[in-house]
Every structure is written in C-alpha cells, then in structure tokens.
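Novice: Predicted model, plus sequence, below.
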Amino acid sequence: MREDHDYPLAELTTMRVGGPAARLVTVETTDELVDAVREVDDADEPLLLLSGGSNLIVSDSGFPGTVVRIATRGIAEESVDSCGGAMVRVAAGEVWDQLVARAVDEGWAGIETLSGIPGRTGATPIQNVGAYGQEVAQTIAQVRVWDRQEEAVRTFFNADCRFTYRHSLFKGTDRYVVLDVLYQLEVADLGRPIAYAALADGLGVPLGTRVPLAETRRAVLEQRRRRGMVLDPEDPDTWSCGSFFTNPILTTDEFDELAERAAERLGFEAPGPPRFREPDGRIKTSAAWLIDNAGFTKGFGIPAPAALSTKHTLAITNRGGATTSDVIALARQVREGVEEAFGIRLVNEPVIVGEVL
C-alpha cells in the first residue's frame with residue numbers, strides 16, 4: 001500500500017483534468033483494498049474509488065478526502081471445459097483490454113467485441129460496459145464486493161445485479177466496492193454471432209455470422225481507432241472519457257415525437273433518427289446522431305481546449321490544457337442544444353465528482 005498527498009488527479013484520468021487528491025492510497029491486493037476502505041469509513045472521511053480513470057471527471061478543486069486507487073491484479077481460471085465454459089475470476093484492478101486480449105488468445109468467447117475499451121475490470125459491472133452488440137451482463141456470473149454498510153464481503157449472482165443498459169445495482173451508490181468479477185465465457189474458436197451492423201460490414205459478413213475471435217478483435221480495434229476511442233498519448237481525440245452521453249431509450253410515443261421534430265427541423269426527405277428496438281418494446285436511438293443534427297459537428301469548439309472529437313461527435317476531448325470547468329461547460333452546451341432541438345435530455349455516462357452538469 002502506497003500513500004501520497006496532494007496528488008494531481010489529472011494524471012490518473014483519461015480526460016486529463018481534475019485537481020489534487022488530499023490523500024491518495026494505492027492498493028495492490030484485495031485485503032489492502034478492504035483495509036483502506038474500512039480505515040476511511042472508520043474515520044468518517046470522504047472516499048473516492050479510482051481505477052483506470054476512464055469514466056471519471058473530478059472538479060478543478062480536487063477531492064478533499066481519500067482517493068483509493070485500485071491496482072489489484074489476478075486472473076484465475078476456476079474451471080475450463082466445453083460444457084460449462086471458462087469460469088474466470090478477475091481482480092478489480094486488472095486492465096480490461098488485457099483481459100479481453102487474453103480471452104481471445106485462450107479461446108474464450110463472449111467479450112471479444114469489448115476490445116479497446118479503457119479502464120479496469122472492476123468498473124465493468126458497475127456500468128454494464130457494452131459495445132458492438134455485447135455487454136458484460138451477458139457473461140458475468142458473479143460480482144464479489146465489500147459492502148460498506150454491512151461491513152462484509154458479499155457475492156452477487158448475475159440475476160441479483162439488476163443489469164440494464166449502462167446501469168446496474170452498483171451504479172449511483174457508494175455502498176459497494178467491487179473486489180473481483182467471475183466471468184463465464186464460452187470455450188470456442190469463433191466469437192459470438194456478430195450483432196452490430198457496422199462491425200458486420202467491417203468484417204464483410206452478414207449479421208449473425210460467427211468469425212474467429214482474433215478477427216473480431218482486430219475489426220473492433222480498427223473501428224474504435226477510426227473513432228478516436230482507443231487511447232493514444234499522441235492523439236488528443238483520445239484524451240476523453242469515450243462516449244460522454246448514453247444513447248436515449250424512449251417509449252414509442254416519445255420516439256414518434258422525436259421523429260416528428262427531426263422531420264420539421266431537417267426536412268421530411270432527410271433520414272430520421274436511428275431506431276433500435278429494445279427487448280421491452282422501447283426504442284433506443286443514437287446520442288451521436290442527436291448531437292450532430294443539433295449542430296454540434298465533429299471538432300465543434302476547436303481551437304478551445306475542450307472540444308468535440310474530430311472523429312466522433314459523442315466524445316468530448318481535452319485538446320491540451322483544458323480544465324474540468326471547460327469540459328463541463330461544453331457538455332452543458334451540447335446537452336442543452338440537443339434538448340432545445342429535439343426535446344431529448346441527454347444523460348452523461350462518466351461519473352462527475354465535485355461538479356454539477
């Protein structure tokens with residue numbers, strides 16, 4: 001366990017913004033993680049958990065309490081067979097994309113289209129991380145946590161996690177600290193059926209086709225790089241939290257109202273907003289489409305230090321020297337512009353600490 005004081009959080013987040021942590025504790029084992037959290041709770045001090053920093057924006061004034069940086073490691077194969085699949089327990093601090101790369105190498109299918117997503121494994125159940133037709137809710141068997149309220153280790157099975165689109169039991173609460181995650185992956189040379197049209201096009205296959213895991217990973221990484229969604233220290237388009245807003249999920253009536261407003265704004269001959277039917281009958285549409293058609297095109301804001309990515313309108317980026325206030329101001333401008341244009345209020349995906357959007 002390592003302790004630092006007045007540590008600049010901008011150095012630990014992919015957006016590269018945020019003031020100092022009054023105290024930063026870095027933990028490398030599960031026992032250290034539990035001990036660090038208990039110590040802060042016993043002292044009744046503010047606590048912020050940080051892992052990869054890819055989904056976190058902290059105010060310019062920093063964090064006045066203790067930031068516990070989760071750097072735990074460990075990938076354990078609990079069982080691997082063709083019937084039950086690969087049961088793999090992963091420490092919360094493991095780098096997510098390294099786990100995906102290993103799964104592809106080992107022939108474990110189910111998370112291959114989640115390649116290139118930054119951050120650590122412990123964050124994936126909180127956000128129900130997903131991309132290109134897959135989400136971790138499809139493969140998580142158990143989530144083991146430290147319950148700060150009960151002061152005990154608890155295990156949640158998949159059905160207990162209340163997974164929905166980019167949400168779970170663990171999101172929006174500071175009660176649970178993820179310790180490790182047990183994934184149940186298919187033992188197979190071919191990935192899960194391709195369920196995302198753009199990925200199928202990139203692979204040159206029809207939707208529903210199963211292709212080799214390595215091919216799927218390469219295609220996903222290629223698409224993500226084109227959109228500035230793979231971290232690159234030389235490319236400011238990747239100095240972001242990835243997608244800043246979630247895709248809205250609307251009732252049929254709400255979507256019809258959106259389509260009508262879009263036709264009035266863009267012309268009845270113009271293509272309408274994308275629609276993707278959800279299992280519960282609601283309709284998911286594209287936040288990127290709403291942002292773009294509200295007038296916030298790629299690169300909007302340049303040469304300001306905070307601007308939309310030149311590759312993808314859904315990413316707010318730090319072009320160099322941006323502050324948290326700059327990022328929040330741009331996010332607020334985009335959100336209000338979309339709401340004025342289409343009547344849809346976008347919801348931020350990253351966690352914002354010490355600021356209000």
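Specialist: Ah, there it is.

Novice: Please make it C-alpha for all contacts and neighbour counts, starting now.
Specialist: Fine.

Novice: How are the helices of the stretch 51-200 of the chain distributed by residue range?
Specialist: 96-106, 124-127, 197-203 (DSSP state H, counting those that start in this stretch).

Novice: can you list contacts of the shortest one?
Specialist: It stands for helix 124-127. Helix 124-127 is touched from outside by 136, 137, 140, 143, 166, 167, 168, 169, 170, 171, with contacts defined as CA atoms under 8 Å, 6 or more residues apart in numbering.

Novice: Could you check how far the first one is from residue 175?
Specialist: Think residue 136. Plainly put, residue 136 is 21 Å away from residue 175 if you go by CA to CA, to the nearest Å.

Novice: quick one, strands of the stretch 201-350 of the chain?
Specialist: 249-250, 276-277, 283-284, 306-308, 316-318 (DSSP state E, counting those that start in this stretch).

Novice: Packing partners of the biggest strand by length in the chain?
Specialist: Ranked by residue count and defined by DSSP state E, the top strand of the chain is strand 176-187. With contacts taken as 3 or more CA pairs under 8 Å, 6 or more residues apart in numbering; DSSP states H and E, strand 176-187 sits against strand 85-91, strand 108-109, strand 140-147.

Novice: The longest one pairs with which strands?
Specialist: Going back to what we said before, that points to strand 140-147. Here strand 140-147 is paired, per DSSP bridges, with strand 152-157 (antiparallel), strand 176-187 (antiparallel).

Novice: Just send these back as TSV, with mean pLDDT, mean neighbour count and distance to residue 41 too.
Specialist: As requested, those are exported to TSV (pLDDT from 0 to 100; neighbours: other CA atoms under 10 Å; distance: least, CA to CA, whole Å):
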stretch	mean pLDDT	mean neighbour count	distance to residue 41
strand 152-157	98	14	13
strand 176-187	97	24	12
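
Novice: For residue 108, find the nearest of the ones you listed.
Specialist: Nearest to residue 108 among the strands paired with strand 140-147 is strand 176-187; the distance by CA to CA comes to 4.9 Å.

Novice: Let me know the angle separating the closest one from helix 96-106.
Specialist: Between strand 176-187 and helix 96-106, the angle comes out at 20 degrees (axes from the mean of the first three to the mean of the last three CA atoms, to 10 degrees).

Novice: so who does the nearest residue to residue 306 once chain neighbours are set aside touch?
Specialist: Spatial nearest neighbour of residue 306, chain neighbours left out: residue 318 (4.8 Å); criterion: CA to CA, 6 or more residues apart in numbering. Taking CA under 8 Å, 6+ apart, we find residue 318 in contact with 15, 16, 236, 237, 239, 240, 305, 306, 307, 327.
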